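# No letters, just coordinates:
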């Protein structure tokens with residue numbers, strides 16, 4: 001177990017090299033205190049974050065805070081973002097927003113406010129509406145979602161669509 005000071009946070013990092021050598025477990029403690037504010041488990045993934053992206057991402061497998069609405073979740077995600085940069089993922093992260101443990105107050109809106117996006121623009125728009133109206137979301141409103149950070153840039157999205165269209169046109173030329 002290693003203990004390091006980073007981002008004004010103390011964390012204890014461990015890896016179970018026998019059963020789960022790819023999982024990194026972080027217990028995060030408050031600044032200048034030994035009070036635990038949360039835990040997150042992650043791994044570096046080679047699965048592309050979005051079409052056209054060739055790098056690795058930090059996949060957050062589990063995130064838990066000791067108290068909600070106190071800033072601990074944002075603090076942990078900022079830490080995860082820094083860790084993602086440190087291990088070569090350029091700040092790219094992905095996680096599954098799941099409300100199975102808290103069906104009456106799901107984490108989707110929190111992740112969206114932080115800057116995560118789903119892979120569906122309609123779902124993002126619905127999340128934004130809930131946020132704008134200061135509405136609580138439940139598991140009835142949103143299923144479990146795979147979300148990514150940073151959100152896909154509209155310019156990047158347009159380039160991807162244009163690139164695929166050009167590929168299709170080239171393929172069509174071959175058959176004519």
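Yep, it's here. Here the structure is a predicted model, which means the values were calculated and not measured.
# From here on, just use CA atoms for contacts and neighbour counts.
Fine.
# Show me the shaky parts of the chain.
Where the chain drops to pLDDT under 70, the residues are 1-21, 32-33, 48, 50-52, 151-176.
# and if we set it to 90?
1-37, 46-55, 65-72, 75, 90, 99-105, 119, 150-176 (pLDDT under 90).
# Which parts of it are helices?
Assigned by DSSP state H, the chain shows helices spanning 72-86, 108-114, 121-132, 154-175.
# hey, what's residue 96 bridged with?
Beta-bridge partners for residue 96, by DSSP bridges, are residue 146.
# Was I right to think it contacts residue 147?
Yes - contact criterion Cα atoms under 8 Å: residue 96 and residue 147 qualify, at 6.0 Å.
# and the two? which has more neighbours close in?
Ranked by neighbour count (other Cα atoms under 10 Å), residue 96 and residue 147 place residue 147 first, with 23 against 19.
# one step back: find the residues that touch each one of residue 96 and residue 147.
Overlap of the contact sets of residue 96 and residue 147 (by Cα atoms under 8 Å, 6 or more residues apart in numbering) is empty.
# what are the phi and psi values for residue 101?
phi -90, psi -20 (degrees, to the nearest 10).
# What's the local residue count around it?
9.
# With residue 89 instead?
Residues within reach of residue 89, counting by other Cα under 10 Å, total 20.
# Then residue 137?
Neighbours of residue 137 using other Cα under 10 Å come to 19.
# Check the gap between it and residue 72 for me.
Taking Cα to Cα, to the nearest Å as the measure, residue 137 falls 20 Å from residue 72.
# ok, now residue 84?
18 Å.
# now swap in residue 111 and tell me
Counting by Cα to Cα, the gap from residue 111 to residue 72 is 13 Å.
# Could you do residue 46 as well?
If you go by Cα to Cα, the gap between residue 46 and residue 72 works out to 28 Å.
# Give me the more crowded residue out of those two.
Applying other Cα under 10 Å to residue 46 and residue 72 shows that residue 72 carries more neighbours, namely 20 against 13.
# Contacts only, for the more buried one.
Residue 72 is in contact with 37-38, 65-66, counting by Cα under 8 Å, 6+ apart.
# Which among these count as buried?
37-38, 65 (16 or more other Cα atoms under 10 Å).
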